[in-house]
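>>> predicted model, plus sequence, below.
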Amino acid sequence: MNTAARTSAASVRVEIDDVQSGALRPRPVPYEGKFIFLRVDDRHAGRALLRRLLPLTAAGLPEADRSRDAWVAVAFTYQGLEALGVPQESLDSFPQAFREGMAARAELIGDAGESAPAHWEAPFGTGDVHIALSALSSDAAQLDKELERARVAYEDTPGVQVIWQQDVHQLPTGRTTFGFRDGISHPNIEGVGLPGSNPQEAPIKAGEFILGYPDETGSLPPMPSPEVLGRNGTYVAVRKVHTNVAAWRQYLRANSSSAEEEALLAAKMVGRWPSGAPLALAPEHDDPELAADPHRVNNFLYRENDDRGFRCPAGAHIRRTNPRDSTIIGDARMHRLIRRGTTYGPPLPEGVLEDDGADRGLVGVFIGAHLERQFEFIKAEWVNDGNFIGHPGEKDPVAGHHGGTGSVTIPEKPVRRRLQNLPSFVVTRGGEYCFVPGLRALRWLAELED
Amino acid sequence: MTATTGAAQPAHPERPGRSDGVCSEFTVFTKIKPGHADALRKDLAKIAGAENRAALRQIGTLHDARHVIFDNDTQFMFASVFDGSWDTYIDDFGKTVVGKHFDTIFAHSEGFPGVSDPGVKDWFVAHQEPAGVFVSSYPDLTVQQIWKDHRVDEAFEEVLDTPEFRAALDNPANAELVATPAFQKLLEEASA
């Protein structure tokens, strides 16, 4: 790759104080959070709400201590911008994927069968989601304080309706419903002043994540007009995903003959052990001490020591969705994302293999300046296909929609293991594409006239 | 008895069109008869189904082909990649469904003499436009080899899925075979 070109223009400074915290900040650990969807029935009311939300919308760098971070973020669907009375010329300047919305792109990103929009939870995909508010904090008291201010703002605004709410929180285990620590990886973005989690990752151009700055192509990302609206904004794909934890545990049990084998098989599918220790650094067994060291837990690449995937399979979830320097088709740096997964619902108690009927899963946000080249590409090429790693037709073992016919290749000497008849472990409950404007843009939206 | 003497003569005169390894490109541009574009479109749709897949099997040397109507319904392009030369088997095709397809499609082009006409090769050559560049990602593989490789790979993967194969590798009776460089090459493919 063109390393010289990448490092030469390192002088870009992102106007971080204008960028919403909901865009660039890593998820706090631990966390409590809430997602609130609003419908704007009257554009003047919508603008009034924005004027009230502005003072509590956070921007700038996070607390150095991730355990003290908290913020409220405001994002808009295409219908939301329309409902606020954004001029048509400006609406037309947004990229096609955003204008169409996630439901219209479902087939492309693999949301078929039980994950198809026809089965989504209302109001996902109906066009009624206009404003997405999210709040994340490291502690419940701080979250409640932020939410209370937001609540006062929207409850004082007739003509704006809360149509959906979802609480999210870290499970007592500090892990996802599947039992794995998450929220470990964060890209190294140039000119932001926020360290990435992998010391070996060369800085990614700010334009991959924030509009108004050059991206990895060397050009400015396409930006909606007017400039005041686009600059320092970004896009987010919000998804609610149900996890079938019982099916996951049953599958692991049925395909291994001991607890050790079961743990290894699960790690081979995820790419990390439950503690978060990566297979690339801990190929044989979990290593909680390594996982607890923030300087080591994400400090790895693949090509030099594991290009063929004998430690971490090329098809493992974390390697598919962030292949780092693996040998793949294309350039992985063109498809980076900021990911923040947050858990909802109760955990399935340890050791239980039968489904208890409870709804549990995650609300994931996927952030980048290019919906098509980042989120949608990753879903279509890396999660729902395997051609890029030489296994056409194979999907992400954890995040793919397999429908009972999935297969996964796990490299092993002398003969690779190939798991077949994989069921789906996740079901998409719904999703929306949103635009996350900068603070100046938020003010511009609040002050629209007529 | 007269022995064949001298260097082997090519079976056909040199044809235009570029090659890369075993395959070559063949692209012709023709004029669509006035008013025939819709009929051509219908005929193309007809041959696009399962029957065409069977026809490809019958040809056995065609990597891919596309039929394109362009320039405001006035022109037609047939672009294809064959093993060897496109005309090697053209006489053979004349008697098959493939020949019938050629006849149907090119009947909408001006001046097409029919696939069984002795002048048909000259007609194609007269309408051929060779590529400036033609490259293949698998220049050493003919269509027949690709099909064979695919069958071998499917069988290989199936064998790898059997516990008997895994056991055979550990069986000392097979140690000699397993240690051969050729078998090690196979295991290299088996492991990932």
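Alright, I've got the coordinates.
>>> chain B: strands as residue ranges?
Assignment of strands within chain B using DSSP state E yields the ranges B:19-20, B:23-31, B:62-70, B:75-83.
>>> just want the angle from the third one to strand B:75-83.
Put plainly, it is strand B:62-70. If you take axes from the mean of the first three to the mean of the last three CA atoms, to 10 degrees, strand B:62-70 sits at 170 degrees to strand B:75-83.
>>> next, the buried residues of strand B:62-70.
For strand B:62-70, burial by neighbour count (16 or more other CB atoms under 10 Å in any protein chain shown) applies to B:Leu62, B:His63, B:Ala65, B:His67, B:Ile69. For the C-beta atoms, the positions are set from N, CA and C on the backbone; glycine is no exception.
>>> partners of that strand, with directions?
Strand B:62-70 pairs in its sheet with strand B:75-83 (antiparallel), by DSSP bridges.
>>> run the chain-centre distance for the partner strand.
With CA atoms, centre = their mean, to the nearest Å as the basis, strand B:75-83 stands 11 Å off its chain's centre.
>>> for it, C-alpha coordinates in CSV please.
The C-alpha coordinates for strand B:75-83 follow below in CSV (Å, rounded to 0.1, in the frame of the first residue of the first chain):
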residue,chain,number,x,y,z
GLN,B,75,-25.9,-2.5,-33.5
PHE,B,76,-25.2,-5.9,-31.9
MET,B,77,-22.2,-7.2,-30.2
PHE,B,78,-21.3,-10.8,-29.5
ALA,B,79,-18.3,-11.0,-27.2
SER,B,80,-16.9,-14.4,-26.1
VAL,B,81,-13.9,-16.3,-24.8
PHE,B,82,-13.1,-19.7,-26.2
ASP,B,83,-10.5,-22.3,-25.6
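>>> list the residues that contact the closest residue to chain B within the stretch 101-250 of chain A.
Residue nearest to chain B within the stretch 101-250 of chain A (CB to the nearest CB): A:Gln250, separated by 21.3 Å. By CB atoms under 8 Å, 6 or more residues apart in numbering or on different chains, the contact list for A:Gln250 reads A:Leu353.
>>> I'd guess it is in a helix, am I close?
Yes: membership of A:Gln250 in a helix is supported by DSSP: H, G, I helix; E, B strand; the rest coil.
>>> which residue packs closest to the residue in chain B that chain A sits nearest to, ignoring adjacent ones?
Chain A sits closest to B:Ala192 of chain B, with a gap of 3.8 Å, by CB to the nearest CB. Once flanking residues are discounted, B:Ala192 sits nearest to A:Pro411: 3.8 Å by CB to CB, 6 or more residues apart in numbering or on different chains.
>>> ditto for A:Phe94
Closest to A:Phe94 by CB to CB, 6+ apart is A:Pro224, at 4.8 Å.
>>> what of A:Ile109?
A:Lys379 (3.8 Å).
>>> what does chain B have sitting close to chain A?
Listed as neighbours of chain A in chain B under the rule CB under 8 Å from any CB of the partner chain: B:Glu157, B:Leu160, B:Asp161, B:Phe165, B:Arg166, B:Leu169, B:Leu187, B:Ala190, B:Ser191, B:Ala192.
>>> what about burial for those residues, which qualify?
B:Leu160, B:Ala190, B:Ser191, B:Ala192.
>>> ok, the first one to A:Ser407 distance?
Just to be clear, that refers to B:Leu160. 12 Å (CB to CB, to the nearest Å).
>>> check the buried residues of strand B:62-70 and tell me the two furthest apart.
Greatest spatial distance among those (CB to CB): B:His63 and B:Ile69, at 21.9 Å.
>>> what sits against the residue nearest to A:Phe94?
Contact analysis of A:Pro224 by CB under 8 Å, 6+ apart lists A:Ser90, A:Ser93, A:Phe94, A:Leu211, A:Gly230, A:Gly233, A:Phe435.
>>> counting neighbours, which of those residues comes out on top?
Within the contacts of A:Pro224, most neighbours by other CB atoms under 10 Å in any protein chain shown means A:Leu211, with 28 neighbours.
>>> I figured that one was touching A:Gly230, is that so?
Yes: using CB atoms under 8 Å, A:Leu211 is in contact with A:Gly230, at 5.0 Å.
>>> which neighbours do the two share?
Joint contacts of A:Leu211 and A:Gly230 (CB under 8 Å, 6+ apart) are A:Met223, A:Pro224.
>>> what segments of chain B are helices?
Secondary structure of chain B by DSSP state H: the helices cover B:37-47, B:50-59, B:90-93, B:97-106, B:120-127, B:143-160, B:163-170, B:175-179, B:181-190.
>>> single out the most deeply packed of those.
helix B:97-106 (a mean of 19; mean count of other CB atoms under 10 Å in any protein chain shown).
>>> check which helices and strands that one sits against.
helix B:37-47, helix B:50-59 (3 or more CB pairs under 8 Å, 6 or more residues apart in numbering or on different chains; DSSP states H and E).
>>> tilt between that helix and helix B:37-47?
160 degrees.
>>> show me the contact partners of helix B:97-106.
So helix B:97-106 is in contact with B:30, B:40, B:43-44, B:46-47, B:51-52, B:54-55, B:58-59, B:67, B:78, B:93, B:112, B:114-116, going by CB under 8 Å, 6+ apart.
>>> how about the helices and strands packed on helix B:97-106 in CSV, adding mean pLDDT?
Listed next are the helices and strands packed on helix B:97-106 as CSV, based on pLDDT from 0 to 100:
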stretch, mean pLDDT
helix B:37-47, 94
helix B:50-59, 81
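>>> so which of those gets nearest A:Arg99?
From the helices and strands packed on helix B:97-106, taking CB to CB, the stretch that ends up closest is helix B:37-47, at 31.8 Å.
>>> can I get that closest one in CSV, CA atoms only?
The C-alpha trace of helix B:37-47 is given here as CSV (Å, rounded to 0.1, in the frame of the first residue of the first chain):
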residue,chain,number,x,y,z
ALA,B,37,-34.2,-5.2,-32.3
ASP,B,38,-37.3,-6.3,-30.4
ALA,B,39,-37.4,-9.7,-32.1
LEU,B,40,-33.7,-10.1,-31.3
ARG,B,41,-34.3,-9.2,-27.7
LYS,B,42,-37.1,-11.8,-27.5
ASP,B,43,-34.8,-14.5,-29.0
LEU,B,44,-32.0,-13.6,-26.6
ALA,B,45,-34.4,-14.0,-23.7
LYS,B,46,-35.5,-17.4,-25.0
ILE,B,47,-31.9,-18.8,-25.1
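>>> count the residues that sit near the residue nearest to A:Gly393 when sequence neighbours are not counted.
Leaving out its chain neighbours, the residue that sits closest to A:Gly393 by CB to CB, 6+ apart is A:Gly386, at 6.3 Å. By other CB under 10 Å, 22 other residues sit near A:Gly386.
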